[in-house]
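Undergrad: Quick one, structure for this:
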Amino acid sequence: MIDVVINVTLLAFLAITAVAIVRMTNLFAIIMLYGIFSFLSAAMFVVMDAADVAFTEAAVGAGISTVLMLATMALTKDHEEKRPAGHRPWLPLAVVIVTGAALVYGTMDIPAFGDVDAPAQSHVAPYYIEKSIVDTGVPNMVTAVLASYRGFDTLGEVVVIFTAGIAVLLLLGGRRRKTAAENRGGEGNDT
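TA: Residues are numbered from 1 along each chain as shown. Next up, the predicted model:
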């Protein structure tokens, strides 16, 4: 019973935070709410016993992403510009609705959470439980799965995160160099 209360409470906080993010125009407040949303997501992963995913969400979602967004905001305006009165972004709304419907349709074939007859429970999990120490020599099963069986996948995830971080830094650095060059050019014309 307490698990249901915790799940419903976290889901309600996630929904409230998401609605607040959509309704605000102050970018600093949006970034802070985004960080809160990431922490709430990490809490949901902890409740679902996915500590590794929760740690990643807290570190990347709430930590690095928030810092990068704050750095980006330092180079831009702090409020969203008002759109014209007749502007209706129907295409993005349609794309989001179609994508959401496709994702919901795709989840119809997924077995129920914790289903004993699911392929992961009947084939994959028993193999890892029986053979992980023999195959990898690592006594911790979670570490064996992440570092050995899924080593290339984990490496790929790290490479994607690293590449995204470098791209953001290059974009921010390019903007700073361009602004500095414009300032130098403007100073030379005044003298």
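Undergrad: In contact with Asp135, which residues?
TA: 144, 148-149 (C-beta atoms under 8 Å, 6 or more residues apart in numbering). (Each C-beta comes from the backbone N, C-alpha and C, glycine too.)
Undergrad: Rebuild these as CSV, extending it with distance to Met1 and pLDDT.
TA: Converted to CSV, the contacts of Asp135 look like this (distance: C-beta to C-beta, whole Å; pLDDT from 0 to 100):
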residue, distance to Met1, pLDDT
Ala144, 35, 81
Ser148, 38, 80
Tyr149, 36, 79
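Undergrad: Have a look at this structure and report the helix or strand with the lowest mean pLDDT.
TA: When the helices and strands of the chain are scored by mean pLDDT, DSSP states H and E, helix 151-190 comes last with a mean of 70.
Undergrad: pretty sure Asp3 is touching Val47, no?
TA: Yes: between Asp3 and Val47 there is a contact at 7.2 Å, judged by C-beta atoms under 8 Å.
Undergrad: Tell me the most packed of the contacts of Asp135, by neighbour count.
TA: Ala144 (20 neighbours; other C-beta atoms under 10 Å).
Undergrad: Now do the contacts for it.
TA: By C-beta under 8 Å, 6+ apart, the contact list for Ala144 reads 128, 132-133, 135-136, 138.
Undergrad: Quick one, which of these are buried?
TA: Neighbour-count burial (16 or more other C-beta atoms under 10 Å) is assigned, among those, to 128, 132, 136.
Undergrad: close enough to count as contact, the first one and Met141?
TA: Yes: Tyr128 sits in contact with Met141 when judged by C-beta under 8 Å, with a separation of 6.2 Å.
Undergrad: How about the residue most central in space within the chain: what's its closest non-neighbour residue?
TA: Nearest to the mean C-alpha position of the chain, counting by C-alpha atoms, centre = their mean, stands Gly61 at 4.8 Å. Spatial nearest neighbour of Gly61, excluding adjacent residues (C-beta to C-beta, 6 or more residues apart in numbering): Ser38 at 3.4 Å.
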